[in-house]
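Chemist: Sequence first, then the predicted structure, then my questions.
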Amino acid sequence: MKGLSGDYTGCTVMIYDTEGNYLDSTAIREYYKETLRIEVQKIPADLTVGAGCRVLILSAPSPCEYQGRIVKEIGANTIALYQGQEKESRSDVRYNVCLPALIEFLVCDGRAYPLFTPIEVEIKNISKSGVRFKAQVNSLLDGDRFQMRMKISSNEKLLIADVVHHDDNEDESSEYGCKFLIAVK
């Protein structure tokens, strides 16, 4: 475990409790050493003072996971994770989520090529190292590199990832396991 390095102010975050239940999405208001302050429209009821919390930060160059204890600040829609740290592990926690996203570009040799028809996907789970989503069968092939646009709360994120594997379903859809290469603010 270590503190975050760099400035994560303004980055999009997805908030989870310690059990991995999705609570909210928003952006980081400010970050100081081991204190992360997150501005929210409404503080989720499940975020009580002293409760542990995990935050998936969708940042450049790649997403990271942060955990700490919650303190609600008086007079502001802000929660703060004090004495929090970046979570390091060999197997990243996958958080279940149901979010729409759009793949608009395939990436080859460092250049993005627009798709004639963008691919609509439904994100099933996400971690600091990758994403799993459902899309129409044969939308992508293993090894394809793509750029995906996600709308999280009022923020949009561009993510670049590689398809690692896919599983075809009986309902003319496939589920794709992908590894992040970069997240763009």
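Modeler: Received the coordinates, thanks. Residues are numbered from 1 along each chain as shown.
Chemist: helix/strand/coil for residue 16?
Modeler: The three-state label given to residue 16 by DSSP: H, G, I helix; E, B strand; the rest coil is strand.
Chemist: For it, which residues are in contact?
Modeler: 22, 23, 53, 54, 55, 56, 95 (C-beta atoms under 8 Å, 6 or more residues apart in numbering). C-beta coordinates here come from the backbone N, C-alpha and C atoms, glycine included.
Chemist: Could you tell me the model confidence score at the third one?
Modeler: Right, the one you point to is residue 53. Note for residue 53: predicted pLDDT of 78.
Chemist: ok, residue 167 - contacts?
Modeler: 174, 175.
Chemist: tell me which residues form a beta bridge with it?
Modeler: For residue 167, the beta-bridge partners under DSSP bridges are residue 175.
Chemist: Give me the domain ranges for the chain.
Modeler: Recorded structural domains for the chain (assignment: automatic domain parsing) are 12-86, 95-184.
Chemist: least reliable of those domains going by mean pLDDT?
Modeler: Among those, domain 12-86 scores lowest, at a mean of 69.
Chemist: contact partners of stretch 100-116?
Modeler: With C-beta under 8 Å, 6+ apart, stretch 100-116 has contacts from 118-123, 133, 135, 139-140, 144-151, 160.
Chemist: what sits against the residue most central in space within the chain?
Modeler: In the chain, the residue lying closest to the centroid (C-alpha atoms, centre = their mean) is residue 58, at 4.8 Å. Taking C-beta under 8 Å, 6+ apart, we find residue 58 in contact with 11, 12, 13, 14, 150, 152, 157, 159, 183.
Chemist: For residue 129, list the residues it contacts.
Modeler: Contacts of residue 129 by C-beta under 8 Å, 6+ apart are 62, 63, 92, 179, 180.
Chemist: The residues you listed into TSV, with extra columns for secondary structure?
Modeler: Formatted as TSV, the contacts of residue 129 follow (three-state DSSP):
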residue	secondary structure
62	coil
63	coil
92	coil
179	strand
180	strand
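Chemist: Considering the residues you listed, which possesses the most neighbours?
Modeler: residue 63 (25 neighbours; other C-beta atoms under 10 Å).
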